[in-house]
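Chemist: Sequence plus predicted model, see below.
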Amino acid sequence: MGLPKAMPVLLLSGIPLTFLPVSTVSAADTKNTAELDPIVVTATLGPRTVGESLSSVTVVEEETIRQQAPPEFKDLLQGQPGIDVVTNGSYGKNTSVYTRGTTNDSTVFLVDGVRLRSATSGGAPWQYFPTELVERVEIVRGPRSALYGADAVGGVIQAFTLDPEHGHKGWVETGAGNFNTQKTSAGASVRSGSTRFSLSGLHKETDGTAIVEDGEDKGFRNTAGVGRIVHEFPNGGEASAVTMQSEGNTEFDGGNTDFMIRTIGFRLDTPVSDYWSSSIQLSEAADEQDNFREFGDSFFYTKTRTARWENTFTGGVHELSVGGELQSDEVDSSTNFDEDSRTNAALFGQLRLNFGPSDVQLSLRGDDNEAYGRQETGGIALGHSFDRSHRVRVSYGTSFRAPTFNDLYYPLETFSFGGTYAGNPDLEPEEGSSVEIGFSGRYETWYWDAALYQLDVDDLIDLQSEGGDLRPVNVNQARIRGIEMGSGLRVNEWDLAVKLTLLDPRDSETDNRLRRRSHQSLRVDLDRELGDWSFGGTVQASGYRYDDAANEDRLPGYATLNLRAGWEFARDWNARLTLQNVTDKEYATALRFDGTKYVAAGTAGFLSVRYDFR
């Protein structure tokens, strides 16, 4: 299936930089300004508007998350510019996120600034992350290794957990839906002088649906919580500690997994002088999985500990940020890895210059890893405003993906069919270089943005097969070209957002499309406020993809429709109904090893009631 050929030219994605003349900005326009050009912190070392970041950025705000009430975190990401999601079924099943056509472990996932991933597989545990405890998501597309080190080849996705506003004391919400789905969440916050504390929690469970054709229902259970304490100092500094933990069980064909993911971060921000500010962050992220399968049990526990120090020096409208980072990975597993730990030390810096309508950003980072050696990455970005509403940006950056513990150190293992697999300690990191040009326009009530890019990746890590024996090697090269477009409109209580991605991800040697990547996607979100009522819907369409590198196993494209309605039936009370996949579309984004499809859930309804106390 392909997307319709008749597309309005204005369906462009992203968010612009420029501002409206002060004389034309009403109170409503001021709200639009904040929503259409919000402040982001992921794209640069410091807060900037989306336009000032000189990057392709999508921001999903709390209001949007509350309106759409996505059942899984993947549903919030799917169809966003440059984002493709592949799952092994619905409700807590294995999920891969491809940013700009790169691999799942080529996107860095941050939770409140703490990197969360499995050190053995390399990918983030997207399927276990609770959307209900998120108030904001920033999606930065393009290479960011010069800021975040390894694996930021396709981009960086950062989720910010709930941090109640002043005067908001908490909430309670409960709901139920088909597939015997039940969910309850609650949160509370307290402020005493310059210190505030918040705590929120969630429990949900479902019998789930079949993940393969004619299979049995596979359930999912999840309990999660977020705790935060923040103290503000008289000099403008701030100390904060935040932790997120999500645990539970997910079932799959042939077994089930007990999981636990956790992030803990402590951050101290302090102004040293009028021209120098400094911040220190200490963090730990854990990914633990106990797998119970018919052919044997296993466990994989990984931890990543990080110490990061950043310093920002300002001189008028120019800024220089420099810092260092020390990171360690540790593995505890039922599999006896040849190595179970490694450390990485890095120095980084970013220079931001402003010359009236033009901006320049230069970034540079050096990493020294005891497993695969030294790696240097950098980037340059230029931006120019033609007038108050139109802007162009150009950027070039390099990046790399580190080999995982599975790639490097997995011990020799013999499969039931007679073949073997073993890690390769001589692997080199994948190296990427990307060039991008973007254009944007922003007006009183709407915006548009378009980005064109090419990403070249060398030394792709792939599995080499000889007589059934598998071994990861550096062999392939990839060339990924893409266009991201979209538009947003807010007028007369109507909210419209349209995102379109056209992608050509190719293996440079075979000219085949990279496996499991769709070549096009479209997402349309439309919402309307009517007094105490709100109504909305999302159309998400994706083109066909191949499940294999030879491009022989083709999975057809699909389109789904989600509907939603909300009713504020009393002061501080709200009821919300969501219907996912209203047309009961049957589709799959991945195949099993035996060639059968991992099928997505059919129509799902959910009704919830929420009370906010202030």
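Modeler: The structure has been received and is ready for your questions. From a predicted model like this one, the values you see are computed outputs, not experimental measurements.

Chemist: Quick one: low-confidence residue ranges for the stretch 351-500 of the chain.
Modeler: Where the stretch 351-500 of the chain drops to pLDDT under 70, the residues are 415-418, 466-468.

Chemist: Let's check: the centremost residue of the chain is which one?
Modeler: Ile157 (3.3 Å; C-alpha atoms, centre = their mean).

Chemist: pretty sure that residue belongs to a strand, no?
Modeler: Yes: when classified by DSSP: H, G, I helix; E, B strand; the rest coil, Ile157 is found to be part of a strand.

Chemist: where in this structure is pLDDT low?
Modeler: Ranges of the chain meeting pLDDT under 70: 1-36, 166-167, 415-418, 466-468.

Chemist: Stretch 459-477: how far from the chain's middle?
Modeler: Chain-centre distance of stretch 459-477: 28 Å, with C-alpha atoms, centre = their mean, to the nearest Å.

Chemist: Start and end of it, how far apart?
Modeler: 6 Å (C-alpha to C-alpha, to the nearest Å).

Chemist: follow-up on the earlier one: ok, now how distant is the residue nearest to the centre of the chain from Asn574?
Modeler: 28 Å (C-beta to C-beta, to the nearest Å). Backbone N, C-alpha and C define where each C-beta goes, glycine included.

Chemist: residue ranges of the helices in this protein, please?
Modeler: All helices of the chain, identified by DSSP state H, fall at 27-36, 62-68, 73-77, 145-148, 405-409.

Chemist: re earlier: beta-bridge partners for the residue nearest to the centre of the chain, please?
Modeler: Judged by DSSP bridges, the bridge partners of Ile157 are Phe109, Ile139.

Chemist: How about the contacts made by it?
Modeler: Neighbour list for Ile157: Leu77, Val97, Thr99, Thr107, Val108, Phe109, Leu110, Val137, Glu138, Ile139, Val140 [criterion: C-beta atoms under 8 Å, 6 or more residues apart in numbering].

Chemist: mind listing the strands for the stretch 51-200 of the chain?
Modeler: Per DSSP state E, counting those that start in this stretch, the stretch 51-200 of the chain carries strands over the ranges 56-60, 83-87, 95-99, 107-111, 114-115, 134-141, 155-161, 170-177, 181-192, 195-210.

Chemist: any chance of the ones you listed in CSV, plus distance to Gln350?
Modeler: Below are the strands of the stretch 51-200 of the chain laid out as CSV (distance: least, C-beta to C-beta, whole Å):
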stretch, distance to Gln350
strand 56-60, 16
strand 83-87, 25
strand 95-99, 21
strand 107-111, 16
strand 114-115, 18
strand 134-141, 14
strand 155-161, 14
strand 170-177, 38
strand 181-192, 34
strand 195-210, 30
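
Chemist: show me the contacts for the residue lying closest to Ser534 once chain neighbours are set aside.
Modeler: Closest residue to Ser534 apart from its sequence neighbours, by C-beta to C-beta, 6 or more residues apart in numbering: Gly566 at 4.2 Å. For Gly566, the contacting residues are Gln67, Trp533, Ser534, Phe535, Asn574, Ala575, Arg576, Leu577, by C-beta under 8 Å, 6+ apart.

Chemist: In this structure, spot the strand with the most residues.
Modeler: strand 469-491 (DSSP state E).

Chemist: can you give me the offset of stretch 243-263 from its chain's centre?
Modeler: 19 Å.

Chemist: Sorry, slip of the keys, the one I care about is stretch 147-156.
Modeler: On C-alpha atoms, centre = their mean, the centre of stretch 147-156 falls 12 Å from the chain's centre.

Chemist: Quick one: end-to-end distance for it.
Modeler: End-to-end span of stretch 147-156 (C-alpha to C-alpha): 10 Å.

Chemist: which residues does Tyr611 form a beta bridge with?
Modeler: Bridge pairing for Tyr611 - DSSP bridges - gives Val172, Trp573.

Chemist: Next, work out how far apart it and Tyr396 are.
Modeler: 51 Å.

Chemist: Between the contacts of Ile157, which sits nearest Leu408?
Modeler: Checking these against Leu408 by C-beta to C-beta gives Val108 as the nearest, at 19.2 Å.

Chemist: ok so, going back, pull out the buried positions in the longest strand of the chain.
Modeler: For strand 469-491, a neighbour-count test (16 or more other C-beta atoms under 10 Å) marks 471-474, 476, 478-490 as buried.

Chemist: just stretch 438-449 next, same as before
Modeler: Gly438, Phe439, Ser440, Gly441, Arg442, Tyr443, Glu444, Trp446, Tyr447, Trp448, Asp449.
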